[in-house]
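Give me the fold of what follows.
(2 chains)
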Amino acid sequence: MPQEEKTVVIRDERYDAQRIETKWFERWQQDESLYAAEPDSTKPKYYVLEMLPYPSGALHMGHVRNYSIGDALARYMWMNGYNVLHPMGWDSFGLPAENAAIANNTPPREWTLRNIANMKAQMKRLGFGYDWSREVTTCLPEYYRWNQWFFLKLFEKGLAYRKKSKVNWCPKCCTVLANEQVVAGNCWRHEDTPVEQRELEQWFLRITQYAEELLRDLDRLKGWPDKVATMQRNWIGRSEGALVDFDLGGTVGPAGSTISVFTTRVDTIYGATSVQLAPEHPLVADMTAKDPELRAKVDQLIAEQRKAKEIGDIGAIEKHGVNTGRFARNPFTEQPVPVWVANYILMDYGTGAIMSVPAHDERDYEFAKKYNLEIRLVIVPRPDDPDETVVEPALPFTTLNGSLVNSGPFSGLDCEEAIQKMSEHAEKKGFGKATVTFRLKDWGISRQRYWGTPIPMLYCEKDGIVPVAEKDLPVILPEQVDITLTGGSPLGRVPEFVNATCPKCGGPARRETDTMDTFVDSSWYFYRYTDAHNDRVPFDSKTAGYWFPIDQYIGGVEHAILHLIYSRFWTKFMRDMGLVKNDEPAERLFTQGMIIKDGAKMSKSLGNVVTPDEMVARYGADSARMYTLFATSPDSELDWQDSGIEGIQRFLARVYRFVARHAPNSSAQARRAASSSDGPLLPEARQIQRKLHKTIKRVSDDFRGRWHFNTCVAAIMELVNELYAAEDAIAKGAIPVSLLAETQRDLALLLAPFAPYLAHELWEMLGEPESLLRAPWPKYDPALAKEEEIEIPVQVNGKLRSRITVPADLGGDEVKGRALADEKVKAAIAGKQVVNVIIVPGKLVNIVVR
RNA sequence: GCGAAAGUGGCGGAAUUGGCAGACGCACCAGACUUAGGAUCUGGCGGGGAAACCCAUGGGGGUUCGAGUCCCCCCUUUCGCACCA
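Numbering: from 1, shown residues only, chains lettered A, B, ... in the order given. Here you go, the predicted model:
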């Protein structure tokens, strides 16, 4: 062998994610309109939306997961010929900016915009395909002026109002929280910080006006997870019942002379043996005004109730009560019953007062036993046979499936019928009526903080509360404001802001210094995406009408009753003001699972955090994205394993090497030259072709159905494994160049939603001149996916005994014949009688013997 | 306490409609290539057994020719709700 002739080593080109991704990243940077939705498109529209992030500083893996799902879908829809709207923005008002400002001495605006710049760069580096021309940044006046505009409209319609009331106060946030932001008695942002109650003047939005519709329309949201619908149903908490007035026999104080109670079981009212008031009920204040001893006892009850609320376990409170010594008249029995104050009665539900029916309510029973109150039986099991003797039920007897006794003219009625009749009776007599109560309360949106939308209201000594004129919007949030945590709204310390002129009288007026809850920003942002630069209206109705409703919304389940109920409310309000036509913002909702590592949620304190930057640097964006989709199905909790992402990187490298090796022979030119000479395919070639089409089907089906992208990726891996197994056949020339080329081409297309960088690189390596971005999704051909021969398991009495290989279209009788003729089967059924043979076509044969 | 979801190899997880349990990946083992390998390729990999076979989807019962899948009871975990009158 001549020395100078070097051995030709076929060195596979190494998959260099950084090189490939940098190259495409730079190309994509050049073209801002790459992922732009088309104006005046004839294609069907598709609006895919992921929840916009709070710009906290950097993306976390949860974002990567969320956006990888959305981006895969967007890319799939583009490739399937849809006009896709896929926007992104920043939920950029809110407390952390202020806290960071205090900690780092950086103005909130600067801190926020810097974070946005960083996170946007991260998103671009991850390869997410957003239409950045529609970017929405909620902390900029171009956006928040429309929050103010909406507020004025709400005020006009009486849907925004000011009220002094007890509100939730987070001592760490130094501001008020909406009911939805209180989780088990604690602040949603500070899970170890109990919420306090403070009496404050606040702006509220009348979401309760839509309570009924918000509840009813949940049934129409077929594309939403049941879990979310259930959570919203519970939150809205609709309850049908009756209000009944118990007369106190003379005015007690300013609060009046009757106690109005709410009950869902008015049928049990003849068994009511006391009335129980919430300790904070206004009548209690009247009753205790001249009775310091009673006052002290009530204060004790209030303290107990607060404490229970603060530890978030009001359910476990030890029931206590105190007898006021007063009596109220039951309007049905016309008997007086004692009035008590009890710590288990909540002022913020119903009327803050109940009638206590110990015989038919567990809580009342427990209370009555403790204080020796009268227990009067008024409901008994409904007898099937009228002659049957009435059995005394075990107490408390709480079923609705009974009938009334000891109930005057209503005795003998069934419970449900009695509820209706008795409500009517009360209404006719003027001491009550049927009613519906909701747990949902109006949305308190005032925040005593700086970094939010100024509420566009003025206080004039002469004209009172006056809205800012529409033409004077936006009310600009001033900069250079001292934001220390001394309490009180920071804006109140800025005279240039506070001092204004009343638009009505021209006299001096004081500006509202509270800002809006940031959930206002996110309640309608997705409409702004459709027309992001409109400076006359929040968005053009017609344009929004084209895109809405959102076809697919994707985000975390933690917003199930915050953002998702507020934005449903906002949509209904906008519909009523004629701005939109849709009743609901999103047709389909998907809630992805959390990411955990080492058995816990990633957190700095546990030191189990994996950052996107780190993953991109080490493995590349494609690997990071694909791993979040491969590790498990998108709706399950994802258990992060570093070795798992390595496996994905290995797979992508395998794909790359294969194409790098075979692309030169598979270019478009070579394909054309070869395809004309192709004859019928050899079995090795058919196998590749079959696998390809099966893979196309599996991936396509999942995009349209259950979104188990983990199995999609697995299917593509199987295809690649098959290609590696065919290397010998390729070397022998058993695989036509045209088929090999087509397979690689489709492989690139199949990978595009999950690993766009590599897919683009492969596409280019294969000599494709057009962009991959909107290349048509590969078409599944059932004829090509079909198996010529299949292996069928043969069971005897349900136990696997053999496998037979038969032509795929062989008839049932023949399959049966071959199964019975199989040697192993014969041995298994020898000496036994065949009772039945079950044939599942194409699947299995089961021979039943005795 | 109420409601929902889940429980499958050493690990993450497949099994879409009741039809071959463990796809795919990780880890591990063996071999090939190699100066070397933490690269790559090939093969193996639930448990028991020499094998034939047997056992196995949290536990126990049931329905069925056939059950991870359906039904009943129980256990565990996660999530949501929790005096809502």
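
excluding its backbone neighbours, what's nearest A:L564?
Spatial nearest neighbour of A:L564, excluding adjacent residues (C-beta to C-beta, 6 or more residues apart in numbering): A:V228 at 6.7 Å. Every residue, glycine included, has its C-beta placed from N, CA and C.

For A:I102, see how far away the nearest residue to A:D482 once chain neighbours are set aside is.
Among residues not flanking A:D482 along the chain, A:R493 sits closest, at 6.0 Å (C-beta to C-beta, 6+ apart). For A:R493, the distance to A:I102 equals 15 Å [C-beta to C-beta, to the nearest Å].

between the two, who's got more neighbours?
Higher neighbour count among A:R493 and A:I102: A:R493, with 16 against 13, using other C-beta atoms under 10 Å.

Just to check, that one is in contact with A:T484?
No: counting by C-beta atoms under 8 Å, A:R493 stays clear of A:T484, with 9.5 Å between them.

got the buried residues for the helix or strand containing A:A308?
Element membership for A:A308, per DSSP states H and E: helix A:292-310. For helix A:292-310, burial by neighbour count (16 or more other C-beta atoms under 10 Å) applies to A:294, A:297-298, A:301-302, A:304-306, A:308-310.

which helices and strands sit right next to that helix?
helix A:282-288, strand A:321-329, strand A:336-342 (3 or more C-beta pairs under 8 Å, 6 or more residues apart in numbering; DSSP states H and E).

how about 6 Å then?
In terms of contacts (3 or more C-beta pairs under 6 Å, 6 or more residues apart in numbering; DSSP states H and E), helix A:292-310 is packed against helix A:282-288.

Which parts of the stretch 501-650 of chain A are strands?
Listed in chain order, the strands of the stretch 501-650 of chain A (DSSP state E, counting those that start in this stretch) span A:508-511, A:515-516, A:552-556, A:589-592, A:595-597, A:600-601, A:638-639.

Quick check: buried residues in stretch A:491-505?
So for stretch A:491-505, counting by 16+ other C-beta under 10 Å, buried means A:491, A:493-494, A:497-498, A:500, A:502-503.

Please apply the same query to stretch A:404-424.
Buried, per 16+ other C-beta under 10 Å, within stretch A:404-424: A:404, A:407, A:410, A:413, A:415, A:418-419, A:421-423.

same thing with stretch A:249-264?
A:252, A:255, A:258-263.

which of those residues sit farthest apart?
A:V252 and A:T263 (21.3 Å; C-beta to C-beta).

Tell me which other helices or strands the one helix or strand A:K421 maps to touches.
A:K421 belongs to helix A:415-429 when elements are defined using DSSP H and E. Where contact means 3+ C-beta pairs under 6 Å, 6+ apart, helix A:415-429 is packed against strand A:432-437.

what sits up against the strand it packs on?
A:239-240, A:242-245, A:262, A:350, A:423, A:426-427 (C-beta atoms under 6 Å, 6 or more residues apart in numbering).

Could you rerun that using 8 Å?
By C-beta atoms under 8 Å, 6 or more residues apart in numbering, the residues outside strand A:432-437 that reach it are A:212, A:238-245, A:262, A:266, A:331, A:349-350, A:420, A:423-424, A:426-427.

do the same with stretch A:368-376
A:270-271, A:273-274, A:319, A:321, A:323, A:338, A:340, A:356, A:358-359, A:365, A:367, A:395, A:406.

what's the spacing between the helix holding A:A308 and its chain's center?
With C-alpha atoms, centre = their mean, to the nearest Å as the basis, helix A:292-310 stands 38 Å off its chain's centre.

Would you report which members of the buried residues of stretch A:491-505 are assigned to strands?
A:A500 (DSSP state E).

wait, which of the buried residues of stretch A:491-505 is closest to RNA strand B?
Set against RNA strand B, the nearest of the buried residues of stretch A:491-505 by C-beta to the nearest atom of the strand is A:L491 (32.2 Å).
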